[in-house]
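# Structure for the following, please:
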Amino acid sequence: ESQRSHWNLLVLQMRGDIPSERTEHLDAVINGAQAGDFEPWQGAMAMHYAHRSGLGGREKSPTEAGKWLVEAARFGDSNALVLAAKALRGEEDPLLQGVDVGGVNRTLALSFLRQAAREGRASAMFMAAEDDRESGNCTRAFHAFAHLGTTRHPMVYSLYAHARRAHRLRDVEGAGLRLLLLAEAGSWTAAREAAELLGTLDGGWPCGGWRRCSLALRLRLGRSLDDADQLAAAGAALRADSGSTVSERSKAGGLLRAAAAKGSARGLWESSVWELCELGGNHTAAAEMLGRLWSGQGLRHDHHSAVHKITAVAGFLLTLTPEILRPTMCGFAENHWQSDFGNQGVLMQVIAGVISLVLLWLTWRAFRGRR
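Below is the predicted model:
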């Protein structure tokens, strides 16, 4: 706790929020870093400040201050990454007075900015995007600016608040329209939420229907973010849509197989259902995918649970369902599957329904045999 206090107070001192003549916090961090009580980047930033200010018995040296600032950036301190990048770009900053990093080096500066951007620093993301724009890498710049706009702009927070309020007041279409607007502005979070919400609605004028809006969003998410679960959801929605043409149902099979190949658990389930329920489906392929779902082999993120085994059992029982009864069970599996993959209650209903129908069929066969 004492170490944390020393560091926090030193940060305030470096920023000029407390008097700079005090050296106890600076000395504590420098000595503690040498003893291994502080992180290397903390020790480097303390040395940078000591040489920038001439405190702690260190010589006031712009060269040494710049060297230790770059060293702290190499250790990964996000503040040092941004400051060092500014210095290497030749930009001015009050915290860079008395600091010399050895001249302009835009390549190293961009590397530092990208590292800081990955750690969530908005200023670094903006500066890196500006570099991309000036160098002609417009696609990368656009995505960065879109991300900043949809995660940092106050209007975005207002629209999210309006969407939540509309949903709370049961104006689901109003919530969906606001989320659609945010999705078109580039928010992947809003796109996911809108896809889930609009997929539950009937009718609607945009996109040819709310569910078609949901489908378009899922396809965008799946292809742009390589999200196999969204591809699986898109394929399932396209197959379940009563207005789907034969070619669209065939396209659904391709989406589901692609999701299964990428290791999506839902993709394996939906693809196996497609193979079992569509005309000309490959029952052998369905059994192979259900086997993967049971074993967990090749699942994305190495995520496997009892729910996947329950799902596989439901699929295996579907393969045993007599042909005459299979359309009924296929319709049940298609229409009652929840968007949040792994709803055990629904899966148990599928299993219970399959078992009930199989027993009914066996009873009917036995009765006919006695006649």
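# Can you pull the poorly scored residue ranges out of this protein?
Applying pLDDT under 70 to the chain picks out residues 1, 242-243, 301-304, 332-371.
# residue ranges of the strands in it, please?
Assigned by DSSP state E, the strands in the chain number zero.
# got the residue ranges for the helices in the stretch 51-200 of the chain?
Using DSSP state H, counting those that start in this stretch, the helices assigned to the stretch 51-200 of the chain run over residues 62-74, 78-89, 106-118, 122-134, 138-152, 154-168, 172-184, 188-198.
# most tightly surrounded among those?
helix 78-89 (a mean of 24; mean count of other CB atoms under 10 Å). Backbone N, C-alpha and C define where each C-beta goes, glycine included.
# From Thr151, how far out is Gly98?
35 Å (CB to CB, to the nearest Å).
# what's the answer for Gly315, then?
Distance of Gly315 to Thr151, computed by CB to CB: 39 Å.
# Next: Leu55.
Leu55 is 38 Å from Thr151, where distance means CB to CB.
# Please apply the same query to Leu88.
Counting by CB to CB, the gap from Leu88 to Thr151 is 26 Å.
# ok so, going back, wait, which of the helices of the stretch 51-200 of the chain is closest to Ser247?
helix 188-198 (22.5 Å; CB to CB).
# Return the list of helices and strands in contact with the closest one.
When contacts are defined as 3 or more CB pairs under 8 Å, 6 or more residues apart in numbering; DSSP states H and E, helix 188-198 packs onto helix 154-168, helix 172-184, helix 210-224, helix 228-240.
# Give me the residues contacting that helix.
150, 160, 163, 167, 172, 175-176, 179-180, 182-183, 204, 210-211, 213-214, 217-218, 220-221, 224-225, 230, 233, 339 (CB atoms under 8 Å, 6 or more residues apart in numbering).
# can you do 6 Å?
Where contact means CB atoms under 6 Å, 6 or more residues apart in numbering, the residues beyond helix 188-198 that reach it are Gly176, Leu179, Leu180, Leu182, Ala183, Trp210, Cys213, Ser214, Leu217, Arg218, Leu221, Ser339.
# swap in stretch 44-62?
Counting by CB under 6 Å, 6+ apart, 14, 20, 23, 26-27, 29-30, 64-65, 68-69, 71-72, 75, 80, 98-100 sit against stretch 44-62.
# switch to 7 Å and redo it
10, 14, 20, 23, 26-27, 29-30, 33, 64-65, 68-69, 71-72, 75, 77, 80, 98-100 (CB atoms under 7 Å, 6 or more residues apart in numbering).
# ok, now stretch 201-209?
With contacts defined as CB under 7 Å, 6+ apart, stretch 201-209 is touched by Val172, Glu173, Gly176, Trp210, Arg211, Cys213, Ala216.
# In the residues you listed, find the pair that's most separated.
The largest separation in the contacts of stretch 201-209, counting by CB to CB, is between Val172 and Ala216 at 18.2 Å.
# Using CSV, list the CA coordinates for stretch 217-225.
Provided in CSV are the C-alpha atoms of stretch 217-225 (Å, rounded to 0.1, in the frame of the first residue of the first chain):
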residue,chain,number,x,y,z
LEU,A,217,-26.3,-7.6,-39.3
ARG,A,218,-25.3,-11.2,-38.5
LEU,A,219,-23.7,-11.7,-41.9
ARG,A,220,-21.8,-8.5,-41.5
LEU,A,221,-20.6,-9.5,-38.0
GLY,A,222,-19.7,-13.0,-39.1
ARG,A,223,-17.7,-11.9,-42.2
SER,A,224,-16.1,-8.7,-40.9
LEU,A,225,-15.1,-10.1,-37.4
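# Buried residues, it. List them.
For stretch 217-225, the neighbour count (16 or more other CB atoms under 10 Å) marks Leu217, Arg218, Leu219, Arg220, Leu221, Gly222 as buried.
# Can you lay out these as CSV showing distance to Val246?
Listed next are the buried residues of stretch 217-225 as CSV, based on distance: CB to CB, whole Å:
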residue, distance to Val246
Leu217, 24
Arg218, 21
Leu219, 19
Arg220, 24
Leu221, 26
Gly222, 22
